[in-house]
Structures are given as structure tokens and as C-alpha cells.
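1. No letters, just coordinates:
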């Protein structure tokens, strides 16, 4: 932590590559000067005696011993040599601005040199970054342009993308006068990671909001403990991921690998940790403003009341709330009566509330509407429209005073929103009035309503802070453990281990001839399914490698011959798996993806041939509780089909939840022993469930085989 202090709050800083001409290093010196950094500042450049009035030294080795942070503003090859020199000199922290350290597959050897220095204890921001700003102390070791004055406040922002981070930091601080403690452009995270910054910020009592823009996390499991600590201290953690659609997608041959890719697993992991993930960048900006300014009130309701000055505006707000998945409050009848008593007869008491144009003309009307809503026993969040652009609108300033008075006197959560983010400068008087009463100002109706849905979520995360529901330590082992490496994964190998762990799987036998297939049919004494079985054979129904409902000797002989022949024609040699036919009311799917960073996750959806086409699946981290398993089942869009919709038989959802819980325990016990596992389909009956197919992908990266038994 001492090295982090040298990085974020140094006593003396030296900038390598600063000159008397414009450039990144010179920009850093100018920003340090203009933002009032009180520590010592030096330049390193053999051509000059001083840079912008600061003493300049020829080499890093010539620097005074007080220097504890180095800003490296030279090209990548030179940067490596400079950092080696700095490490030998004992400088504990460095900010590396240059690119060329592994981006796009170039500079891997340079990246390795930096990584070696980080492993030896050097605290390093970057490379490929803008630098960082510690606002409270004016430490603006930042190579980009800066608006002043810097405003100190409760928000710490760390971003892998310097540009995306700057477009959160600068507008919020300048236009909405929001205070920041730090802005860190962390770049490639070769040394210090997003998780390291989060850890440092959590220990700062003046920071209440920690926001991050990431491409990937380096040590996500560290966040489990950090999030618990943050929640216990009622700090907000909010994250935006760049490139969720495709970047970093884990592509494996199983269903689970295709359906539970990197973005889905990250989202599940963050939910388990209690970190708010925002899907859209503009919404992320508004969520930072909301979390920083709104009261940290654990008694706030989970639903919203919206007040608009027009019917059209109320309708737009309702649409935006619906799109965001936020909930409108159902007002108490007495509350509606109070609102109706003050509104004009053409006004609407339906939430969102249309106050009509009368609220612009009658200064007493808006306060009366607020007074009526504040009596509602559900204590909903109140969101009211205002226009902070253009500057100097006295009616809007009156609105802001009304919002502020209501928030201040009631202690309730009040939020102001502007329909459009477009326009000129914001009215500073409106901002000061609102912020002074802990009323956030959100810009853009969709962004505002999207941000508001996260406020109850933050409260829920704080409320569960004392509960032990973070992911368990993986690889703990259990009776359902597979044991050491297996030479081959197949249905018959995996089935008894899954069954021992509480995952019901249908019985089966492997036949290598028509006669053996007939013998298995006689043993089961019921209709059977015949499925070709060979290493790497997937999507069997597409290849004609499945025959169902075989009941007599000739049928099973014909089925065996057909599925084995079709498999051979597709390049797979083997036999056939014979299983009793299982009837049910629905087919489900469940799988495990063992992510090397996040650990094992469980994926669930309706099963059968459409699982990859419909993508109606949900993903959560293992292990699962009964409640979390049931919540997964009810989250898929097709859940009504399991619950008896339109006269269908109701499926045994409790048994299905029990299977998911057991699968989660199995995943934890066998972490590191396979890459992905599918159960598809799972036959769900009116009483009980049973998986009839298993597909497993080995963990070995060079393994060519996927042993599977997927009847699709």
C-alpha cells in the first residue's frame, strides 16, 4: 500500500521526456504546475537545465533521493531502459504513458520487461495511458488537457480507456460541478490493476463512489472481499465494460461455452459480488452522478414516482422506465386523492404524474404535488423533470428550489432529470441548489431512468453486506469430485459422478454391435433411444445419429446400424449408447463453464435443439442456493412454459432447482478438471427431473476431442 501512496500521492515527481517544446511530458509538467501540486517537481532531459521553470536533470540516476514517482513520457524502447534505471535507483512508482507493450500483438518482449519490474514490487500505472490525477493534492500527472478548477469530492474513477474515462471525469466535474478524488487512466494494467485501485480507494474515508471503465479484469476474485468491505462502509461500486458483445468471448464447442461467454460470466460475477454493472456508457455517466449525490438511505423504496410538466413528457418517462426495467410505484389511494385535490381537472394522477402546464404558471402547485407524494407510505423515489439549459430560466430555478426543499425537509430521495442531454451550458445556480440538498441532476430521459433502476440495487447490495453469499473458494473438493485427470471423458464416465453429487442422469449402456444393442433393450425392458457414441461427435441429430422410441429387436438393429453408419460417414468411429426413453412435460438445459479468471458458472435455459438459436438463457456463478436457482429458472423468458401456462402441465420446478444447486456444488468440487459441461436435454416431469445427455469439453487447450452425447 505504501507503493500505491507513492503512485497516487507522492512527495516528489520527476517527468522523463519533458522538454521546452509541446509534448506529453511537457503537458504533465504544466498540469502539475497549474493544478497546484505542492510536492517537488523535476524534469529529466539531458538537453535542458529547466523545463517550465522546474529543474531538469540529465538522467534518472541524477535525480534527488526524494523522488518517489516517475512519469515516463518517452517511446516504448527507451521507457524500458528508463524504468530499469528507476528500479535500480529505488523509485517505487511509475506512470508509463507510451504504447507499444503488447497492444495488437506487438511489443510483447517490452511488456515482459515491465511485468518483471512489477513482479519485483514497482507500482506502475499503464502503459498506454494518459496518467492520473489525485484531485485533493493537485497531483495532475496527466498528459491530456484539463479544465480547471479541479473540484475535490467523493468520486474515484479508474478507466482502462483514457478517452472514455476523460469523458466521464471532465463533463461531470466541469458542467455538473461534481467533485472527484481521483481519475486514473490505467491503460494496459501491466503493473497496477483496476482491482488494486479499488482496494486503495475503499480505504479512503472521503470516497463514497468507486467507478470503473474496463475492458477486462486481471484479478477479479480479489473483488469478492473488496466489495464486501465497500458495502459494509456503504460505498458504491459501479462498472462499465467496453466490448461486451464479442471481445474476449470464450469460444468452446459446448453449448455452455457459446452461451455463457466472457460478458455473461463477468455480469454474473459482478452480481454475486454486488457491483453495479451499467450496460450503456451514457447511463454509466448518469449513474455516477446519481450515486455520488443521492442520499445513501437504506430505507428508500424500490419503485419510482415521476412528475412531469406535460402529458407527452410523462408518456416518454413511462416508456423509458419500461425500457430500463425500472418499476413505477403504485400509489396508495389516499395519495392519489391528495394529488387529485390539487391538480387541474385535466391533469393526470396516474404515475407518471402529469402536472400540466399549470405547474409553470402557479408557483404553489408543484410544492403541493410533492407534499401529497411525500405522504405515501411506500416511500418511493421521486423523479421530477427540470430544464437546466438554457441558463437563467427563473421558472426552472423555482422548480429546483422546490425539489431541494422537498428533499431537505423530508429526508426522502428526490432526483431531477432533464429530458435531453443536448443544449448549451448548465445553469450553475440550479446545480448548486439541487446538489446542496442531495438532489442529483440527470441528463437525458433514457439515461436518467436507466440510472434510477440501479438505486434500489445499490441498497440491496448494502443490505446483504453482512451475509455470507459471495462465491465460495473454488476447488474445495467433495464426494462428487472426479479425482485426477481422466484419459477420456464420456457419458458413462461422468454419469456416476454426477449422480453421486445429486444430479439425476438417466441410465445407459454402450453397445458395439447390433446384438449388444438388442441385449441392452431386453435389459431395460422399455422403449429406448439409440445414439451414436464416438469421441468428438456433437450435434448428433443433425448428422442422423439419433433414433428414438425403439421398442422391438428389428427397430433397434435398424437404429444401431443407421446411427453408426451416419457417424462413420461424418468421420467418427464408435458404437451406440442405449438409454431408456424418458417422458416429461418440458425439456431444460443446464451447463457449467469453468472460467479461468472468475471460476465456475452455471448456465440455464429451456433445452433441446433451440438452445443455441433462441439464446433464452441465464448465467450465475456457482455455487447456487435454492432461492438463486429458482430465481434463475423464473428469469428466462420461457419460464411460463414450465409453470403451466395456457393449460400445460406444470413442471417440477423445485426438482429442477435442486438439480441446479447440485450442479453448482459439482462445479465447485471439480474446478479445473474440465472447461465446460452440458446437460441437454434435461427431461422435466410433473414429478422429478432427469438429464439424458452429457457433453464435456476437456480443459487441455490442445485436446482435439470433445466427448459428447448431445441428442440434438
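-> That came through fine. Every value quoted in this text rests on a predicted model; they were computed, and no experiment measured them.

2. Quick check: phi and psi on residue 43?
-> For residue 43, the backbone dihedrals (degrees, to the nearest 10) come out as phi -110, psi 160.

3. Remind me what the helix or strand containing residue 416 packs against, helices and strands.
-> Assigned by DSSP states H and E, residue 416 belongs to strand 414-418. Helices and strands touching strand 414-418, by 3 or more C-beta pairs under 8 Å, 6 or more residues apart in numbering; DSSP states H and E, are strand 381-385, helix 394-410, strand 441-443, helix 445-452. C-beta coordinates here come from the backbone N, C-alpha and C atoms, glycine included.

4. Dump those to CSV, plus distance to residue 101, mean pLDDT and mean neighbour count.
-> What follows is these, written out as CSV (distance: least, C-beta to C-beta, whole Å; pLDDT from 0 to 100; neighbours: other C-beta atoms under 10 Å):
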stretch, distance to residue 101, mean pLDDT, mean neighbour count
strand 381-385, 45, 96, 25
helix 394-410, 48, 97, 19
strand 441-443, 37, 98, 26
helix 445-452, 35, 95, 26
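
5. would you turn these into TSV with distance to residue 155?
-> Below are those laid out as TSV (distance: least, C-beta to C-beta, whole Å):
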stretch	distance to residue 155
strand 381-385	21
helix 394-410	20
strand 441-443	15
helix 445-452	14
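
6. quick revisit: could you name the helices and strands sitting against the next helix or strand after the strand holding residue 416?
-> Going down the chain from strand 414-418, the next helix or strand is helix 428-436, by DSSP H and E. Other helices and strands packing on helix 428-436, by 3+ C-beta pairs under 8 Å, 6+ apart, are helix 394-410, strand 441-443.

7. hmm, 7 Å instead?
-> Under the contact criterion of 3 or more C-beta pairs under 7 Å, 6 or more residues apart in numbering; DSSP states H and E, helix 428-436 touches helix 394-410.

8. one step back: buried residues in the strand holding residue 416, which are they?
-> 414, 415, 416, 417, 418 (16 or more other C-beta atoms under 10 Å).

9. That one: partners in the sheet, and parallel or antiparallel?
-> Sheet pairing of strand 414-418 (DSSP bridges) gives strand 381-385 (parallel), strand 441-443 (parallel).

10. Could you pull out the helices in the stretch 1-150 of the chain for me?
-> Under the criterion DSSP state H, counting those that start in this stretch, helices of the stretch 1-150 of the chain are mapped to 2-8, 24-34, 76-89, 108-119.

11. Off-centre distance for the shortest one?
-> Going by C-alpha atoms, centre = their mean, to the nearest Å, the spacing between the C-alpha centre of helix 2-8 and its chain's C-alpha centre is 27 Å.

12. now do stretch 581-597
-> 24 Å.

13. Now do the end-to-end distance for it.
-> End-to-end span of stretch 581-597 (C-alpha to C-alpha, to the nearest Å): 39 Å.

14. which sections of this structure are below the confidence cut-off?
-> 104-106, 244-261, 298-300, 466-489, 609-610, 612, 700-712 (pLDDT under 70).

15. per the record, what domains does it have?
-> What automatic domain parsing lists as the domains of the chain is 2-242, 296-463, 507-580, 586-708.

16. Look up how far residue 179 lies from residue 207.
-> 10 Å (C-beta to C-beta, to the nearest Å).

17. Now list whatever residues contact both of those two.
-> residue 154 (C-beta atoms under 7 Å, 6 or more residues apart in numbering).

18. Just want to know which of those two has more residues nearby.
-> Ranked by neighbour count (other C-beta atoms under 10 Å), residue 207 and residue 179 place residue 207 first, with 21 against 18.

19. For the more buried one, give me its contacts.
-> With C-beta under 7 Å, 6+ apart, residue 207 has these contacts: 154, 156, 181, 201, 235.

20. what does whichever strand or helix holds the third one contact?
-> With secondary structure defined by DSSP H and E, residue 181 is part of strand 180-185. Strand 180-185 is contacted from outside by 8, 125, 129-136, 151-159, 162, 165, 169, 173, 197, 201, 204, 206-207, using C-beta under 7 Å, 6+ apart.

21. quick one, which of the helices of the stretch 1-150 of the chain is packed in tightest?
-> helix 24-34 (a mean of 21; mean count of other C-beta atoms under 10 Å).
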